[in-house]
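**Student:** just to be clear, the model below is a prediction. Sequence and coordinates:
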Amino acid sequence: MPFGNTHNNFKLNYKVEEEFPDLSKHNNHMAKVLTKEIYGKLRDKQTPSGYTLDDVIQTGVDNPGHPFIMTVGCVAGDEESYEVFKDLLDPVISDRHGGYKPTDKHKTDLNFENLKGGDDLDPNYVLSSRVRTGRSIKGYTLPPHNSRGERRAIEKLAVEALTSLDGEFKGKYYPLKSMTDAEQEQLISDHFLFDKPVSPLLTCAGMARDWPDGRGIWHNDNKTFLVWVNEEDHLRVISMQKGGNMREVFRRFCVGLQKIEEIFKKHNHGFMWNEHLGYILTCPSNLGTGLRGGVHVKLPKLSTHPKFEEILTRLRLQKRGTGGVDTASVGGVFDISNADRLGSSEVEQVQLVVDGVKLMVEMEKKLEKGEAIDGMIPAQK
Amino acid sequence: MSGSFRRLISGRSTAVLLASLGAGTMATGVLLSENGSLAAEAKKKLYPPSSDFPDLRKHNNCMATALTPAIYAKLRDKLTPNNWTLDQCIQTGVDNPGHPFIKTVGCVAGDEESYEVFAELFDPVIIDRHNGYDPRKMTHPTDLDASKLKHGMFDENYVLSSRVRTGRSIRGLSLPPACSRAERREVERVVVTALAGLKGDLAGRYYSLGDMTEKEQQQLIDDHFLFDKPVSPLLTCAFMARDWPDARGIWHNNNKTFLIWVNEEDHTRVISMEKGGNMKRVFERFCSGLKQVEHLIQERGWEFMWNERLGYILTCPSNLGTGLRAGVHVRLPNLSKDPRFSKILDNLRLQKRGTGGVDTAATGDTFDISNLDRLGKSEVELVQLVVNGVNYLIECEKKLEKGQDIQVPAPLVMFKK
């Protein structure tokens, strides 16, 4: 929270055992990593903006988790959190991102021309294509921690940057607190509108404070490029369109992001990035590329095949329902996207989606004809 | 230079560093990252209070009515001795704009001193919420002598149950919005140790929320004793559900007539209740129990938060004073259909709720009727007011049953000036 963090010093009057959270019933990455020793070592520290260890872990303490789904259980309040609390966050990052080491380097590649193919996914199966990521703006603290003044400054800067775009990126900003009913209806029909977070994973991390102050949605006139301002991250950037032309979606994604980044740099507020963690975002799960590239694809037969999960795992893909995270599939249509974020580049991750979905559509077609697909099952990527 | 260097190595705030070294200089040590987040001190300068003032134009709560940019500017950078801030007090009111018909309070205290350090906000909120009670000019009477209560036995053809509740805070420990885990655990320890000393009809036991068995949980639900993690955003936005269910629990006596909630919305909520209409006995047990618990914590060097301006100090300003809600579940099939019902309640300074408690609807013709006021009148005065009022309502009901007419009583006087 942006409030006086000196309550942290007050807590130091109590022993580590007295303050240490009860994590005996918890199942999240933070709870698996945090020991009394680490807690004792980090609890008197704070980032320059005043974020403390208890702030980092509050969401994980309040949300014990689920036996089957491993949530992260901690968030960053600013760029420096990842440095000051590395004794906790490095192991969490390693657990979440397949063994990523503190010495590893992350590759950023937003050159869409490096993508091979991707323009020929069969639109009879692939209904829509989408790539999203997040960006944090240097010099401001993150959504769990920022004050109203900061959040408004972020919004102001974002709106200045976005409204200066032209051509295919020409668009308009809709602040959440002053949109008309008609505008709201339209944004809902377009599936663009985001609402106040209800998930306790987010609310317990302080991300819904002062809602809807400083929040809004920007999209281009063509409705193919969309930016969320001040939701779970400073910016969430989304490129999407109906059909299977992922190549075009990715091109627009890369070009748009680079245009926006240039404008922020001119204002001396570039994006948060470093060569170890890539793009810095609020949740450790989104470090690296922060990229989720995916399609809505019809796979009624393949999805009921006993090897479906294994195929996805080998292709380094994950499935979700068409409502997004934590929803079920409807009518055999699945949201298929990359599972990785950190340790591989944007191009590499989208390539996995393009190649993997192409293969799965071919498998679906075979199954339709009553043929076996055992010979097509790929090796682990 | 040596002066500022000494300040550097003693690890003081980064604002001092900035001031002594000038812009653009890299510091030794890891105090400042280039282009990184501003240190807390430097941030205050870059973001004046006006940039942080909340947008309250669509809000309807006591905080939004009272908070002006001038008050905010004056108080934003102040800290209580426990380092609680104004922004923390008002967060719940910023996050919950309120309802056109129901005016919520919109701010909470993080500790006893909040009411003093942020008095310029809390005083007008208190005056607004407590019908003109001015803590700068008036004193609050505390009176827990149950023998003074008259006519406290209701007609049980109408009154199904009687209940009195209040809250108590342990002086020296932060309140639920602010407390750390260690402080909350200490509250639990202090209270549970004291309660273990209760004897006779008050002897009982404690059920920790985190450790209770399935069977115990079911029993507490059946008894209507169990409280659960708050879901109301009024409470969650005020940070009161943090670390749930750590250090929360329920104590009740073996007779199930005296019950204490630990670390829910307040350090303690104390409830005396029984079926039937014997409000006198309920109030006697209430007063006796409270006094005994107070004595038991005093033996160990603790005391309740209290002062003569505000009475008992609780988390929400609406519960200051007595923190007392005395009420009954009463059947009023005829009166509740009479168009004068609301006016009669208003004039008697009573409120109705559904039998599920606050923000629930009545089922059938049974209502929860209790006192509206908390501050400016003593416990005895408020319970007497409920007793007199409910007896009046029953008289009205009986008259209407016989086809006789009823009268709207004159409105009760608020404060003795």
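**Tutor:** Received, thanks.
**Student:** please see if the helix or strand where B:Glu188 lies touches chain A.
**Tutor:** B:Glu188 is part of helix B:181-195, with elements assigned from DSSP states H and E. Yes. Helix B:181-195 reaches chain A (C-beta under 8 Å from any C-beta of the partner chain) through B:181-183, B:185-186. The way it works is simple: take the backbone N, C-alpha and C, and place the C-beta from them, glycine included.
**Student:** what helices or strands is that helix leaning on?
**Tutor:** Judged by 3 or more C-beta pairs under 8 Å, 6 or more residues apart in numbering or on different chains; DSSP states H and E, helix B:181-195 is in contact with helix A:16-19, strand B:204-208, strand B:249-253, strand B:258-262, helix B:279-299.
**Student:** do that again at 6 Å, thanks
**Tutor:** helix A:16-19, helix B:279-299 (3 or more C-beta pairs under 6 Å, 6 or more residues apart in numbering or on different chains; DSSP states H and E).
**Student:** so what's A:Asn28 bridging to?
**Tutor:** A:Thr71 (DSSP bridges).
**Student:** what residues are up against it?
**Tutor:** Contact analysis of A:Asn28 by C-beta atoms under 6 Å, 6 or more residues apart in numbering or on different chains lists A:60, A:65, A:71, A:73.
**Student:** number of residues surrounding the third one?
**Tutor:** Using other C-beta atoms under 10 Å in any protein chain shown, A:Thr71 has 21 neighbouring residues.
**Student:** how much space is there between it and chain B?
**Tutor:** 16 Å (C-beta to the nearest C-beta, to the nearest Å).
**Student:** from the contact counts, what lies against the longest helix along chain A?
**Tutor:** Taking DSSP state H as the criterion, chain A has its longest helix at helix A:346-368. Contact analysis of helix A:346-368 by 3+ C-beta pairs under 6 Å, 6+ apart lists strand A:292-298, strand A:333-338 as its packing neighbours.
**Student:** up against chain B, what does the stretch 201-350 of chain A have?
**Tutor:** Neighbours of chain B within the stretch 201-350 of chain A, by C-beta under 6 Å from any C-beta of the partner chain: A:210, A:213.
**Student:** strands of the stretch 201-350 of chain A, start to end?
**Tutor:** Secondary structure of the stretch 201-350 of chain A (DSSP state E, counting those that start in this stretch): strands located at A:216-220, A:225-229, A:235-242, A:273-274, A:278-279, A:292-298, A:317-320, A:333-338.
**Student:** of the residues of helix B:181-195 next to chain A, closest to B:Lys291?
**Tutor:** Of all these, B:Lys291 sits closest to B:Glu186, with 22.7 Å by C-beta to C-beta.
**Student:** picking that back up, just put the helices and strands packed on helix A:346-368 in JSON lines and tack on mean neighbour count, distance to B:Cys62 and mean pLDDT.
**Tutor:** Below are the helices and strands packed on helix A:346-368 laid out as JSON lines (neighbours: other C-beta atoms under 10 Å in any protein chain shown; distance: least, C-beta to C-beta, whole Å; pLDDT from 0 to 100):
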{"stretch": "strand A:292-298", "mean neighbour count": "24", "distance to B:Cys62": "44", "mean pLDDT": "96"}
{"stretch": "strand A:333-338", "mean neighbour count": "23", "distance to B:Cys62": "46", "mean pLDDT": "95"}
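**Student:** with distance to A:Lys177 added, can I get those strands in a markdown table?
**Tutor:** Shown next, in a markdown table, are those (distance: least, C-beta to C-beta, whole Å):
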| stretch | distance to A:Lys177 |
| --- | --- |
| strand A:292-298 | 28 |
| strand A:333-338 | 30 |
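**Student:** shaky segments in chain A?
**Tutor:** A:1-6, A:323-326 (pLDDT under 70).
**Student:** how is it divided into domains?
**Tutor:** Domain ranges of chain A: A:5-97, A:112-369, per the TED database.
**Student:** just how off-centre is the shortest one within its chain?
**Tutor:** Here domain A:5-97 shows a centroid-to-chain-centroid distance of 20 Å under the convention C-alpha atoms, centre = their mean, to the nearest Å.
**Student:** could you report the neighbour count for the nearest residue to B:Phe304 once chain neighbours are set aside?
**Tutor:** Counting by C-beta to C-beta, 6 or more residues apart in numbering or on different chains, B:Arg168 is the residue found nearest to B:Phe304 once chain neighbours are left out, at 4.9 Å. Using other C-beta under 10 Å, the number of residues around B:Arg168 comes to 24.
**Student:** relative to chain A, how far out is B:Arg168?
**Tutor:** From B:Arg168 to chain A the distance is 22 Å (C-beta to the nearest C-beta).
**Student:** quickly list what that residue is bridged to.
**Tutor:** On the basis of DSSP bridges, B:Arg168 is bridged to B:Thr268.
**Student:** pretty sure it contacts B:Trp302?
**Tutor:** No. Counting by C-beta atoms under 6 Å, B:Arg168 sits too far from B:Trp302 to count as a contact (10.8 Å).
**Student:** which SS state does B:Thr92 fall under?
**Tutor:** Assigned with DSSP: H, G, I helix; E, B strand; the rest coil, B:Thr92 falls in the helix class.
**Student:** now the closest residue in space to it that isn't next to it in sequence: which helix or strand?
**Tutor:** Distances taken as C-beta to C-beta, 6+ apart place B:Ala238 nearest to B:Thr92, at 3.8 Å, with adjacent residues excluded. For B:Ala238, there is no enclosing helix or strand under DSSP H and E.
**Student:** what does the stretch 51-200 of chain B put close to chain A?
**Tutor:** Counting by C-beta under 6 Å from any C-beta, the stretch 51-200 of chain B sits next to chain A at B:51-52, B:55, B:79, B:82-83, B:85, B:87-88, B:94, B:180-182.
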